[in-house]
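K.L.:
quick one, structure for this:
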Amino acid sequence: MKSLIAFWNILKKDIRNYYLKPPNISWGIIFPLSWTLMQLIRSQGNIEISALLPGLMSMSVLFGTTSMLAVTITFERKGRSFDRLLLAPINISTLVFAKILGAVLFGIINGFIPVVFAAFFINLSGINWGLLFVAVFLMAVTSALLGLLIAISAKEVFEAQTFSNFFRFPMLFLCGLFIPVDKLPALIKPISFLLPLTYGADILNSTITGNSLFNATFNTFVMLIFSLLLFHLCHRNIKKKWIL
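P.N.:
Have a look, this model is predicted:
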């Protein structure tokens, strides 16, 4: 019960204090929103909008979650409030779950913003919404854990955002968001399969456009493996760099 109370209070504090910080607004909301509007306005037909939607959703999730973690962790480390959390009598796993859940929620909300705009242009009735939500959720989890892994190494918000951009912008072109993976050069293509966002975007493509490299079961399984691996790395690095 004490762990549950601590979990809820950490999550509530993050939502209240960090969701509307300037870095979250600029990178987590304005950038994906402006990119979404730009792409949807320039699209002339329903087919093109449908083809763009999986990439726009993936990008919104990626930037929303990583921006959230960069802000919460680095602000708290700078103010030394994170040190108090590490000294609290709660499990490190509980702390990590509480930290990433706020980013996951932020990312899920961001991920469906392009869907709202696309609904004004195209018919979305044929989409498997259950599978779509699973894909968005798994992308938010893996992106949040990746953001946490980056934030562990940063001391300032601008450092965390810079490190995040070093990974985020290449992923826009390597994970099949706007350029299909099968059309990438042979030397670059293997890198795509080492990134979890590739498999999440593939699920979105299968549900929205009907085109995918792998089936949804395989993509889901791979993303779960990535989630466990990233969680283990975050857990280990927190104990190694911030505790021992």
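K.L.:
going by C-alpha atoms from here, please, whenever you check contacts or count neighbours.
P.N.:
Noted.
K.L.:
need the contact list for residue 59.
P.N.:
For residue 59, the residues meeting the contact criterion (C-alpha atoms under 8 Å, 6 or more residues apart in numbering) are 32, 111, 172, 177.
K.L.:
cool, residue 200 as well?
P.N.:
Going by C-alpha under 8 Å, 6+ apart, the list of residues near residue 200 reads 58, 135-136, 138-139, 219-220, 223.
K.L.:
now for residue 34, how many residues are close by?
P.N.:
By the criterion of other C-alpha atoms under 10 Å, residue 34 has 11 neighbours.
K.L.:
need the three-state assignment for it.
P.N.:
When the structure is split into helix, strand and coil by DSSP: H, G, I helix; E, B strand; the rest coil, residue 34 lands in helix.
K.L.:
then residue 212?
P.N.:
Local secondary structure at residue 212 is given as coil here, using three-state DSSP.
K.L.:
tell me the phi and psi of it?
P.N.:
Note on residue 212: backbone dihedrals following degrees, to the nearest 10 are phi -160, psi 160.
K.L.:
pretty sure it contacts residue 203?
P.N.:
Yes: using C-alpha atoms under 8 Å as the test, residue 212 is close enough to residue 203 to be in contact (7.0 Å).
K.L.:
higher neighbour count, these two?
P.N.:
For residue 212 versus residue 203, the count of surrounding residues by other C-alpha under 10 Å is larger for residue 203: 29 against 20.
K.L.:
helix or strand right after the helix or strand hosting that one?
P.N.:
Mapping residue 203 onto the secondary structure by DSSP states H and E places it in helix 196-208. Following the chain from helix 196-208 toward its C-terminal end, the next helix or strand by DSSP H and E is helix 216-238.
K.L.:
can you list contacts of that next one?
P.N.:
92-93, 96, 135, 138-139, 141-142, 145-146, 148-149, 152, 196, 199-200, 202-203, 206.
K.L.:
nearest residue to residue 199 other than its sequence neighbours?
P.N.:
Of all residues not flanking residue 199 in the chain, residue 219 sits nearest, at 5.1 Å (C-alpha to C-alpha, 6 or more residues apart in numbering).
K.L.:
report how many residues lie close to that neighbour.
P.N.:
Neighbour count for residue 219, taken as other C-alpha under 10 Å: 21.
K.L.:
so it versus residue 151, what's the distance?
P.N.:
Between residue 219 and residue 151 the distance, using C-alpha to C-alpha, to the nearest Å, works out to 27 Å.
K.L.:
same question, residue 217
P.N.:
Plainly put, residue 217 is 31 Å away from residue 151 if you go by C-alpha to C-alpha.
K.L.:
swap in residue 130?
P.N.:
Using C-alpha to C-alpha, residue 130 is found at 31 Å from residue 151.
K.L.:
of the two, give the one with the bigger neighbour count.
P.N.:
When neighbours are counted by other C-alpha under 10 Å, residue 151 comes out ahead of the other of residue 130 and residue 151, with 27 against 9.
K.L.:
list the contacts for that one?
P.N.:
Residues in contact with residue 151 (C-alpha under 8 Å, 6+ apart) are 69-70, 73-74, 160.
K.L.:
just among those residues, which is most surrounded?
P.N.:
Neighbours were tallied for each of the contacts of residue 151 (criterion: other C-alpha under 10 Å), and the maximum of 33 neighbours falls on residue 69.
K.L.:
got a pLDDT number for that residue?
P.N.:
Among the per-residue scores, residue 69 shows a pLDDT of 74.
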